[in-house]
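In: below are the sequence and a predicted model for it; my questions follow.
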Amino acid sequence: MKIVFMGTPEFAKVALEALVQAGHEIPLVITQPDKPKGRKYTLTPSEVKEYALSVGLRVETPVSMRTAEAEELLRSVEADLFMVAAYGKILPKNILDIPPMGCICIHASLLPAWRGAAPIQRAVMNGDAEGGISMMYMDEGIDTGDIILQKKISITDGMNAGEYHDAMAAMGAQAALEYLRMAQEGNVPRVKQPQEGSYAEKITGEDLYVSFEETALQTHNRIRGLAPVPSAYCTLEGKRVKLHESRVGCGKGVPGEVLSAGKNGIEVACKEGSVFITSLQPEGKKRMDASSFLNGLQNKEGFRFNG
RNA sequence: CGCGGGGUAGAGCAGUCUGGUAGCUCGUCGGGCUCAUAACCCGGAGGUCAUGUGGUUCAAAUCCCUUCCCCGCAC
């Protein structure tokens, strides 16, 4: 079976790696073009591209899927199916129709929940107790295709998006292999999705700001849902402070007010309840625990955030 | 050359503007108090102040220059 793999970030890389190690034939890998990244603004390849090249796969990075060139490229490999994981571009119908076995997508949510760009972060930020992987036949909608299989995982309170992501990536890879086994036996289930679902909007700068104007639980979920990257933040004396780890507390006070500061962390009042910040990172500094932060703080007396 | 912050004891910081014996909080080690302690008290160790046998100076953590490294923003 010839598979064209389409994907971009780490999540997709893990799946591609599993396919390669299982010995599947992958004549072509499609990923996003290199993008300028980092302080030096250097052109950086995607995780998928980096890995694919390291194992000698053919990689193409079309700028658009809506060109004759893209269609010709994808037809020319005569693949049986396209497997897509967090590619980052919408596939038009003429592309979807190319492979005889269809376009199969690995999506990081239990559809129809969290369709779209940032299902992993949104699930954690929303405080979901359960999440998982969906394999589906792609259609022209955004993550609305018929479902082949789903795998569930619980999201514990102590888990951040990074940990959840890693577990999900591994599970996504397993799901892909399971699908391929079913496909080889010619026995692939296909269940329609409900129309109604939720949408996981892309994370923007506004999502990162912790105002403490939400409840303690919402604040905690925001912090862990954005950890370890891109990180939630608040401000202290006009400077950004990234918030990496927190715990829910039950103190009361004006949102942003520091209620206590010690070995348990820095307790900050929220609209309802409080959160203990246990790991944070001032602008220009490295990540540190709350004790270290307090050791170096000049005016330990009555500081407050976002003030 | 996209913008900016920083490299001082194991950790986090002050001191740099206005050169003149290296400080703070925490940790660590020893002792004491206590039924006991992560609490408290007393004492000690620990730093060629990132780099350059760099420049200026009677004197450089501090002023000037070199190189390396870390981080925030933006993308």
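Out: Yep, that arrived.

In: point me to the residue of chain A nearest RNA strand B.
Out: A:G296 (2.3 Å; CB to the nearest atom of the strand). From N, CA and C alone the C-beta is placed, and that goes for glycine too.

In: that residue: neighbouring residues, count only.
Out: Look at A:G296: counted by other CB atoms under 10 Å, it has 9 neighbours.

In: cool, A:G262 as well?
Out: A:G262 is surrounded by 11 other residues when neighbours are defined as other CB under 10 Å.

In: can you count the residues close to the residue nearest to it when sequence neighbours are not counted?
Out: If you skip the residues right next to it in sequence, A:G262 has A:L294 as its closest partner in space, 7.6 Å away by CB to CB, 6 or more residues apart in numbering. The local packing count at A:L294 equals 16, with neighbours defined by other CB under 10 Å.

In: ok but A:L294 is inside a helix, no?
Out: Yes. Under the criterion used here (DSSP: H, G, I helix; E, B strand; the rest coil), A:L294 sits inside a helix.

In: for it, give its distance to A:H220.
Out: In this structure, A:L294 and A:H220 are separated by 20 Å, where distance is defined by CB to CB, to the nearest Å.

In: counting contacts, what elements does whichever strand or helix holds A:Y179 pack onto?
Out: When elements are assigned from DSSP states H and E, A:Y179 belongs to helix A:161-184. Helices and strands touching helix A:161-184, as assessed by 3 or more CB pairs under 8 Å, 6 or more residues apart in numbering; DSSP states H and E, comprise helix A:10-21, strand A:81-85, strand A:103-107, helix A:119-125, strand A:130-137, strand A:147-154.

In: list the residues that contact the nearest residue to A:A22 once chain neighbours are set aside.
Out: Counting by CB to CB, 6+ apart, the nearest residue to A:A22 once its immediate chain neighbours are dropped is A:L177, at 5.8 Å. Residues counted as contacts of A:L177 (CB atoms under 8 Å, 6 or more residues apart in numbering) are A:A18, A:L19, A:A22.

In: only whichever of these are buried, select them in ChimeraX.
Out: Per 16 or more other CB atoms under 10 Å, the buried members of the contacts of A:L177 correspond to this ChimeraX selection:
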select /A:18,19
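
In: out of the contacts of A:L177, flag the one nearest to A:P92.
Out: Relative to A:P92, the closest of the contacts of A:L177 is A:L19; by CB to CB it sits at 24.3 Å.

In: thinking the closest one is in contact with A:M83, fair?
Out: Yes. Assessed by CB atoms under 8 Å, A:L19 is found in contact with A:M83 at 7.4 Å.

In: okay, and the common contacts of the two?
Out: Contact criterion CB under 8 Å, 6+ apart; residues shared by A:L19 and A:M83: A:I3, A:F5, A:A176.

In: quick one: which of those is most hemmed in?
Out: Most neighbours among the shared contacts of A:L19 and A:M83, by other CB under 10 Å: A:F5, with 29 neighbours.
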